[in-house]
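**Student:** Just a sequence and a predicted model for now, questions to come.
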There are 2 protein chains.
Amino acid sequence: MNMLYHVSQDDFKSILGAKLSAIEKTRIFATLARINTLYMIAKAGSGHIGSSFSSMDIFSWLHLNVLEEGGVFFSSKGHDAPGLYSVLIGQGKLEYDNIHKLRRLHGLPGHPDVGTACMETNTGSLGMGVSKAKGMVRANRLDGKQGHIYVLTGDGELQEGQFWESLPGAVNGKFEEITVIVDYNKIQSDTWVRDVSDLGDLEGKLSSYGWHVQRCDGHNLEELSSSFDTAKTIRNKPQIIIADTIKGSGVSFMEAKAMSKGDGFYRFHSGAPSLDDYEKAAQELIKKANNMLVAVGFATLNIEVVERESLSDPQGNIQKLIPTYEKALHEIGSRRKDIVVLDADLMIDCGLLSFRNSYPERFIECGIAEQDMVSQAGALALKGKLPISHSFACFLATRANEQIFNNASENTKCIYVGSLAGILPASPGHSHQMVRDISALGGVPGLTLIEPSCEREVAMMLEYAVKKNPQSTYIRLVSIPCVVPYDLPDGYELEEGKGVALTNGDDAVLFAYGPVMLPEAYKAAELLRNKYDFGLKVINLPWLNRIDRDWLKTIIGDTRRVFTLDNHLLNGGQGERIGSAIAECGLAVNIDFKRLGLSKIPECGRNDEVLAFHGFDAFGIVHLLLGN
Amino acid sequence: MNMLYHVSQDDFKSILGAKLSAIEKTRIFATLARINTLYMIAKAGSGHIGSSFSSMDIFSWLHLNVLEEGGVFFSSKGHDAPGLYSVLIGQGKLEYDNIHKLRRLHGLPGHPDVGTACMETNTGSLGMGVSKAKGMVRANRLDGKQGHIYVLTGDGELQEGQFWESLPGAVNGKFEEITVIVDYNKIQSDTWVRDVSDLGDLEGKLSSYGWHVQRCDGHNLEELSSSFDTAKTIRNKPQIIIADTIKGSGVSFMEAKAMSKGDGFYRFHSGAPSLDDYEKAAQELIKKANNMLVAVGFATLNIEVVERESLSDPQGNIQKLIPTYEKALHEIGSRRKDIVVLDADLMIDCGLLSFRNSYPERFIECGIAEQDMVSQAGALALKGKLPISHSFACFLATRANEQIFNNASENTKCIYVGSLAGILPASPGHSHQMVRDISALGGVPGLTLIEPSCEREVAMMLEYAVKKNPQSTYIRLVSIPCVVPYDLPDGYELEEGKGVALTNGDDAVLFAYGPVMLPEAYKAAELLRNKYDFGLKVINLPWLNRIDRDWLKTIIGDTRRVFTLDNHLLNGGQGERIGSAIAECGLAVNIDFKRLGLSKIPECGRNDEVLAFHGFDAFGIVHLLLGN
């Protein structure tokens, strides 16, 4: 039960060198690649199985039979990275050893990054693929280079406006060099695409844009082969292949149909399979592969077996902000009938299920369409409702940046909740590690940014946003479970621009926020006290763009060393605002002021190793503080 | 020649009260409203004639015959505000006196704002209309209210992804309450829509989305009437009416066909008509109106005649950064064949014409599609090109915010040029007054933000961005002509994070940037020296998110009073970065540090009055400085 299985490089080589038809070879290859995809995700502890498996036959056919010298393939959705890596590793295009390094520091990032061989572009939020393909075609044309550009998109991804924005240019430019394949697996993050935001007549839409449209079974290699062949013959038009696929294809109980048995949610979109599920799935795939091999006269696989690394669970007072938020939202929603909750296909991850179940009429599922969501929210506010818009911070703060400002310009009250904020989790990579939202949104007039440091502050902040703040609020939420070693004082209440001391100390004061950095700062304070007799006063300042000058003067008092610690890039973070406030208070007399935080895009990897790498674990903080 | 003409309230009343058919009445009304639209724009000195006139018959029919109690109308494009105001004034829904206050402080904003009666929402960048209509429908449904929502869009506007992103939700929600009218005048900012980015088979596209689609002549009231009647009968589906219109309709020489005679650019999109053009157009409209009135047995108009306010032209060393940029871009483009220039339908305003004419193969017109543009730029950079993307700062920095970060995450080199930056021009209103781009983009890793203070710095900055900076650069450009009273010292060169003194003085130092604030600061320094014997050292610090600490220490020296002056909101502006740097340098010993800049969204109005209102003209600056 605690074993992990992967297909060896030799087994791949032997299949790739075998005298088999392209169809037979690719079918077996794809099954082996699925075994390794599953291995990588199980070993990493997270990753997108469903999307990797629905794309697998497309990846395999393309890489083994279609892609030519000078050609480019990339996935616009990027969730399918483990599947793509696995194909490239199977082909020997990526070093085999990478199989063990998914989502690890300096390994294979959770989403594609050009720092990895064969990755042609970084995925970000969805919908950029066709635009990028067009840029590549233009560069090729300028350089007189040949080369076909293949782009894989998701189906949920087609809810993003940029996808549709990008289509006409490819037609007007007669970009016959572009073939888009839609991995039409019918399920997006939470549930069926048709239930989230129905795409309607997809073939009709795409044809009306002037693209050449085909539709095929994305798991039928004969159909894929013929579709790609046809696409190559099309002149003066970009082509799109709608490939009907099955999310989780290849493992019986992970396939989309399994969804209908449960609560209507698909369980294998992201995250790792349970030990049990892994074992069952791996055995099913291995058996299938062996049957295929035997059928064509080959030996069975020499599966490599690795013991699963046992990670000790974090110990202590584990707090989870999202379930706490879910409760608070439900509770306040029961009292305030003007609250309307909006979501952009992250209902479960953002903790919206309870509200939706109790108040379906006040719940708006917008699909992967953040701009549309935020503009709808603005109009609801104009009409007297209190809209609360949700997404991951990385999508909400930037994709809808202009719409949030537009709402602010109307002086209405809107609430935005950006989850998955900050450097952790580090495993999905930089497209999901939101460390610039304080900067991107901090300057929106009338928008207050706050971040809870623990469960207790979550409900307080929602109350503040709903009841006390006459203007708009952005609540920044860490999504990972955190060990919280501190308690907020009895009677603690939110006061705009004011924080609260979590430790005492006269040698230095450190301002931080949120349940990722504050616990490390708290532990650092303990280390400093015990080992160095150094008193560090750690302040929780949950106001990310509001600093009360009088409070700041008082809390710094006579302390001569002042630090800030941002779960954010230094540029535009809370630290800069505190620094400026210190100068404005005329406080900096002999003060040694230093800002800690990210100076570049954070690494991808396991949470503990990434925090340590950037120097923001307790030991790193001690080092940074004493290094002064 | 120096007279302006407008139709009186009485003339409107008499037509509205007359026993005429709806068609006759509306036709005359629309002609009178055109006279007043022209008056308002000529008086204001800027405004969108073409779009106001192409929409005029739609506005008039809708407001006189279609809109019912509880119904809502708003324009998503917003450029047509003068036309809409004029209709509302004619109807008496807006106070008549407003006719004299277009684009004036506390008058009628250049683009719709909910602070004005009858304005249902603020326009921002394009493409938000349908999303907002959906939000309004949802609010109505929750409240059990009736009410149809009419939204007018442009045709160029349909290049924006959000428009297409917003369509499916209205179908899935069966939003029969929404009727969209497309003012299909075939011309966008610069030239023909089909040449910028052809919309293709618009009816086919919209139908494929599941909307009920009609097409009619948008100047034929019978057809408009019948289309609106049909729309009302449609159940369970949102409706769209593609109204074929003529840009500038109503004045022979302002109509779109006039364009083909010249250089292929339409001259009446924005800006004021010449004295001559105004006189001719007004006389043509008045004659047409009188003919119509006489034909139905009415007296001719009692036209009110007003003398044109003569504004003295600014005196001094007038500098225009956009033409300077145009030359510099053309020059560097001739040397650097890897440069590719991208535009989002602002070719003329951004100064791209010379480059496009000389190097058409390296010029990409993306249409109103900033996200698509920036992602294309990213891919060009990946393939070895040096892309320079252009738009107004308000659209580029926010609409493509995520795409700019995504490019940055790939460590490629991209250049972005955001023009129309800052508080001025103030007449278009807050959707165009970009005062939060330093905040919105300042935190993008590896992106340096700079702003030239005068023509001389423009070419230096482009050289820096192209040749010296190994990473990406955002060049922030003021578009209005400015009187620049200072010279940069001989031999001045750009050095990252360092500025240059424009005046000398030991009593205080003030950091600012750009040709709007620096001239005012320079004049303030003169006033202070001459009247108050107060020495103000004005520093041009063109680096908006880079501060060299050592230079800062030196330049501040022993000065005890330090000010910053942002052409930006205080939150997230340059001043905050300088403040933080002062604290980090331990410099704030007895320093009196104060940041000047906007604390809220700036007002709309004439440049001089808005600058004075916010206290940023020379007198205001003196007051702010001495007030300390």
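**Tutor:** That came in fine, so what should we check first?

**Student:** going forward, measure contacts and count neighbours with C-alpha atoms only.
**Tutor:** Fine.

**Student:** where does chain A have its least confident helix or strand?
**Tutor:** The weakest-scoring helix or strand in chain A, judged by mean pLDDT, DSSP states H and E, is helix A:193-197 (a mean of 88).

**Student:** Show me what that helix packs onto, helices and strands only.
**Tutor:** Packing partners of helix A:193-197 (3 or more C-alpha pairs under 8 Å, 6 or more residues apart in numbering or on different chains; DSSP states H and E): helix B:161-172.

**Student:** For the least confident helix or strand of chain A, buried residues please.
**Tutor:** Using 16 or more other C-alpha atoms under 10 Å in any protein chain shown as the test for burial, helix A:193-197 gives A:193, A:196-197.

**Student:** List just the nearest of those residues to residue A:495.
**Tutor:** Set against residue A:495, the nearest of those by C-alpha to C-alpha is residue A:196 (38.6 Å).

**Student:** Can you pull up the residues of the stretch 51-200 of chain A that come close to chain B?
**Tutor:** Within the stretch 51-200 of chain A, the positions adjacent to chain B are A:113-114, A:121-125, A:128, A:131-136, A:138-140, A:142, A:159-166, A:168-169, A:172, A:197-200 by C-alpha under 8 Å from any C-alpha of the partner chain.

**Student:** filter those to the buried ones?
**Tutor:** The buried subset of these (16+ other C-alpha under 10 Å) comprises A:113-114, A:121-125, A:128, A:131-136, A:138-140, A:159-166, A:168-169, A:172, A:197-199.

**Student:** For the stretch 251-400 of chain A, which segments are assigned as helices?
**Tutor:** A:275-295, A:321-335, A:353-358, A:370-382, A:393-399 (DSSP state H, counting those that start in this stretch).

**Student:** Please identify the most buried of those.
**Tutor:** Of all the helices of the stretch 251-400 of chain A, helix A:370-382 has the most neighbours on average by mean count of other C-alpha atoms under 10 Å in any protein chain shown, namely a mean of 30.

**Student:** and the angle for it with helix B:161-172?
**Tutor:** Helix A:370-382 and helix B:161-172 are oriented at 70 degrees to each other (axes from the mean of the first three to the mean of the last three C-alpha atoms, to 10 degrees).

**Student:** Not counting its own residues, what contacts helix A:370-382?
**Tutor:** Outside of helix A:370-382, the residues within contact range by C-alpha atoms under 8 Å, 6 or more residues apart in numbering or on different chains are A:160, A:342-344, A:366, A:386-389, A:391, A:395-396, A:399-400, A:403-404, A:407, A:410, A:412-414, B:121, B:128, B:131-136, B:138-139, B:162, B:165-166.

**Student:** repeat that for 6 Å
**Tutor:** For helix A:370-382, the external contacting residues (C-alpha atoms under 6 Å, 6 or more residues apart in numbering or on different chains) are A:366, A:387, A:400, A:403, A:407, A:412, B:131-132, B:135-136, B:139, B:166.

**Student:** Stretch A:41-53 now?
**Tutor:** Identification of contacts with stretch A:41-53 by C-alpha under 6 Å, 6+ apart yields A:79-80, A:83, A:102-103, A:247-249, A:268-272.

**Student:** Against residue B:125, how distant is residue A:579?
**Tutor:** For residue A:579, the distance to residue B:125 equals 34 Å [C-alpha to C-alpha, to the nearest Å].

**Student:** Now do stretch A:236-243, average pLDDT.
**Tutor:** Averaging pLDDT along stretch A:236-243 gives 98.

**Student:** Same check on stretch A:124-132?
**Tutor:** Here the average pLDDT along stretch A:124-132 is 95.

**Student:** That stretch: end-to-end distance?
**Tutor:** Taking C-alpha to C-alpha, the first and last residues of stretch A:124-132 lie 12 Å apart.

**Student:** And that stretch, how far out from the chain middle?
**Tutor:** Stretch A:124-132 sits 15 Å away from the centroid of its parent chain (C-alpha atoms, centre = their mean, to the nearest Å).

**Student:** what phi and what psi does the backbone show at residue A:132?
**Tutor:** Reported as degrees, to the nearest 10, the phi and psi values for residue A:132 are phi -70, psi -40.

**Student:** need the contact list for it.
**Tutor:** Residue A:132 touches B:375-376, B:379, counting by C-alpha under 6 Å, 6+ apart.

**Student:** Turn those into JSON lines, including pLDDT.
**Tutor:** JSON lines is the format used below for these (pLDDT from 0 to 100):
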{"residue": "B:375", "pLDDT": "98"}
{"residue": "B:376", "pLDDT": "98"}
{"residue": "B:379", "pLDDT": "98"}
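
**Student:** Return the residues of the stretch 501-628 of chain A in contact with chain B.
**Tutor:** A:571-572, A:576, A:579-580, A:583-584, A:586, A:588-589, A:591, A:593-594, A:600 (C-alpha under 6 Å from any C-alpha of the partner chain).

**Student:** can you rerun that using 10 Å?
**Tutor:** Within the stretch 501-628 of chain A, the residues that sit near chain B (C-alpha under 10 Å from any C-alpha of the partner chain) are A:545-546, A:562-563, A:568-573, A:575-595, A:598-601.

**Student:** Those in strands, which ones?
**Tutor:** Secondary structure from DSSP state E places A:562-563, A:568-569, A:592-595, A:598 of those in strands.

**Student:** Which one among these sits at the bottom for pLDDT?
**Tutor:** Lowest pLDDT among these: residue A:592, with 88.

**Student:** tell me which residues form a beta bridge with that one?
**Tutor:** Beta bridges link residue A:592 to residue A:561, judged by DSSP bridges.

**Student:** That one and residue B:586 touch, don't they?
**Tutor:** Yes: contact status for residue A:592 versus residue B:586: in contact at 6.1 Å, counting by C-alpha atoms under 10 Å.

**Student:** Chain neighbours aside, what residue packs nearest to the most centrally placed residue in chain A?
**Tutor:** Nearest to the mean C-alpha position of chain A, counting by C-alpha atoms, centre = their mean, stands residue A:432 at 3.6 Å. Of all residues not flanking residue A:432 in the chain, residue A:394 sits nearest, at 5.9 Å (C-alpha to C-alpha, 6 or more residues apart in numbering or on different chains).

**Student:** Could you look up the SS state of residue A:152?
**Tutor:** Following DSSP: H, G, I helix; E, B strand; the rest coil, the label given to residue A:152 is strand.

**Student:** burial measure for it, as a count.
**Tutor:** 24 (other C-alpha atoms under 10 Å in any protein chain shown).

**Student:** Burial check on residue A:486, number of neighbours?
**Tutor:** Applying other C-alpha under 10 Å, I find that residue A:486 has 16 neighbouring residues.

**Student:** actually residue A:302, not the one I typed
**Tutor:** By other C-alpha under 10 Å, 12 other residues sit near residue A:302.

**Student:** would you list every one of the strands in the stretch 101-250 of chain A?
**Tutor:** A:149-153, A:178-184, A:212-217, A:239-244 (DSSP state E, counting those that start in this stretch).

**Student:** okay if I get those as TSV plus distance to residue A:97?
**Tutor:** Putting these into TSV (distance: least, C-alpha to C-alpha, whole Å) gives the following:
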stretch	distance to residue A:97
strand A:149-153	26
strand A:178-184	28
strand A:212-217	33
strand A:239-244	31
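
**Student:** Tell me which of the ones you listed sits nearest to residue B:337.
**Tutor:** With C-alpha to C-alpha as the criterion, residue B:337 lies closest to strand A:149-153 of those, at 23.6 Å.

**Student:** what lines up beside the closest one in the sheet?
**Tutor:** Note on strand A:149-153: by DSSP bridges, its sheet partners are strand A:72-75 (parallel), strand A:178-184 (parallel).

**Student:** okay if I get these as CSV plus distance to residue B:239?
**Tutor:** What follows is those, written out as CSV (distance: least, C-alpha to C-alpha, whole Å):
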stretch, distance to residue B:239
strand A:72-75, 35
strand A:178-184, 28
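
**Student:** quick one, which of those strands is nearest to residue B:472?
**Tutor:** strand A:72-75 (23.8 Å).

**Student:** Please work out which residues outside the closest one touch it.
**Tutor:** When contacts are defined by C-alpha atoms under 10 Å, 6 or more residues apart in numbering or on different chains, strand A:72-75 is touched by residues A:55, A:59, A:62-63, A:67, A:81, A:84, A:111-112, A:118-123, A:128-129, A:132-133, A:136, A:147-154, A:178-181.
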